[in-house]
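Asker: Kindly return the folded structure for what I paste below:
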Amino acid sequence: MRVLVTGGAGFIGSNLVHYLLGGASAELGVGIDRVVNLDKLTYAGNRSSLAELENDPRHVFVQGDIGDAELVGSLLRDHEIDAVMHLAAESHVDRSIDNPEEFIMTNFVGTYRLLETFRRYLVETGRMIGHSHGKSLGDGSKSAFLHVSTDEVYGSLGPNDAAFCETTPYAPNSPYSASKAGSDHLARAYHHTYGMPVVTTNCSNNYGPYQFPEKLLPLMIRKTLRGESLPVYGDGSNVRDWLYVEDHCRGLAMALLRGKFGETYVIGGKCEMKNLDVVHGIIETVRELAPGRVTKTADELITFVKDRPGHDQRYAIDPTRIGKELGWAPLENFTSGLRKTVQWYLDNDEWIRTIEDGSYRGERLGTLS
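Answerer: All right, here's what the predicted structure looks like:
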């Protein structure tokens, strides 16, 4: 199979590319002949996350925009692509509050152009199968389009509300989540209107290797190591459902290969935690894995800061469906996943240092995700 991954130099995308060219074939029983990796290399894209694949002939990296129909069309045709895994997106909520237009253009308009280009490619090559609802790539269908989204499209949960599932109504509360919600609707519409073989996934908060250091875990890990103040929004009571990134990548591959066209699968780690508890866990794990480098107590490190506008109180995912229908389950709990994450950042200091000092793009980081 030949796959086009969009956003494959970003956090989840780079982990996905590593997985597709690594463990996916053995775990899922499918051969990946080629991964064409299309990434615009905005501030969060990093070629060094793909350094181990530089000499792998199965990996083709292309710097470009998903909205460039001519470029995308040529990649689809030249590489005879079977499936698209669409992860390219602007994803930082604070940045969407400051500059919503960029999120609308990338997440909504960009997704439209990608869908339309892929639709034309399917028609031109005779791969469009017409009424595709309920079929899957594993059933012998010729092509598939996996649209990767977020649980933030569902809005905020109260403390006693049932977790998000595939039928939860949409209620986005930030420009970021609204732009992703719009892209989800476009993907659905292209399936129902044109019969395109589309599967959608919505995931909870990811963490793990290669995550840009504006995000909560890598930022807090680095600040803990330096003895710097750890800024926590509000009172730290906001709850997120944490998903180790490789578990997510396994779920994405299963959704692509086994997911029914026209359907949605939510993917979560079944690991709800308050932000404040996450920060305490980070401090203790860094202290354990880097003895002697953490000299301050948690109370000395943590500082509560003004809450972000429209900050959703709680996210939680019920992944029952993807478990029952596709056989997915997370392999990591938060303790094991956090240990792997902290150890990765300890072992890859140079990767994150080039981002923090701005040497990879000439930009210096400042505040909390």
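
Asker: Now do the strands for the stretch 251-369 of the chain: every range, in order, please.
Answerer: For the stretch 251-369 of the chain, applying DSSP state E, counting those that start in this stretch gives strands covering 264-267, 272-274, 302-305.

Asker: who touches the shortest one?
Answerer: When contacts are taken as CB atoms under 8 Å, 6 or more residues apart in numbering, the neighbours of strand 272-274 outside the stretch itself are 236-242, 281, 314, 316, 334. Using the backbone N, CA and C atoms, a C-beta is placed for each residue, glycine as well.

Asker: wait, which of the residues you listed is closest to residue 141?
Answerer: Proximity of the contacts of strand 272-274 to residue 141 (CB to CB) peaks at residue 241, which lies at 31.3 Å.

Asker: Run a quick check on that closest one versus residue 154, I expect a contact.
Answerer: No: Residue 241 lies out of contact with residue 154 (CB atoms under 8 Å); the separation is 11.5 Å.

Asker: Quickly list what's touching both of those two.
Answerer: With CB under 8 Å, 6+ apart, residue 241 and residue 154 have common neighbours residue 315.

Asker: on that earlier part again, looking at the contacts of strand 272-274, which one is closest to residue 13?
Answerer: Checking the contacts of strand 272-274 one by one against residue 13 (CB to CB), the nearest turns out to be residue 242, at 19.0 Å.

Asker: before we move on, the earlier item: could you export the strands of the stretch 251-369 of the chain as a markdown table, including mean pLDDT and distance to residue 132?
Answerer: Output for the strands of the stretch 251-369 of the chain, formatted as a markdown table (pLDDT from 0 to 100; distance: least, CB to CB, whole Å):
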| stretch | mean pLDDT | distance to residue 132 |
| --- | --- | --- |
| strand 264-267 | 98 | 15 |
| strand 272-274 | 97 | 35 |
| strand 302-305 | 96 | 48 |
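
Asker: quick one on the thing from earlier: report the buried members of the contacts of strand 272-274.
Answerer: With neighbours counted by 16 or more other CB atoms under 10 Å, those contain buried members at 238-242, 281, 314, 316, 334.

Asker: Next up, the contacts around residue 293.
Answerer: Per CB under 8 Å, 6+ apart, neighbours of residue 293: 225, 286-287.
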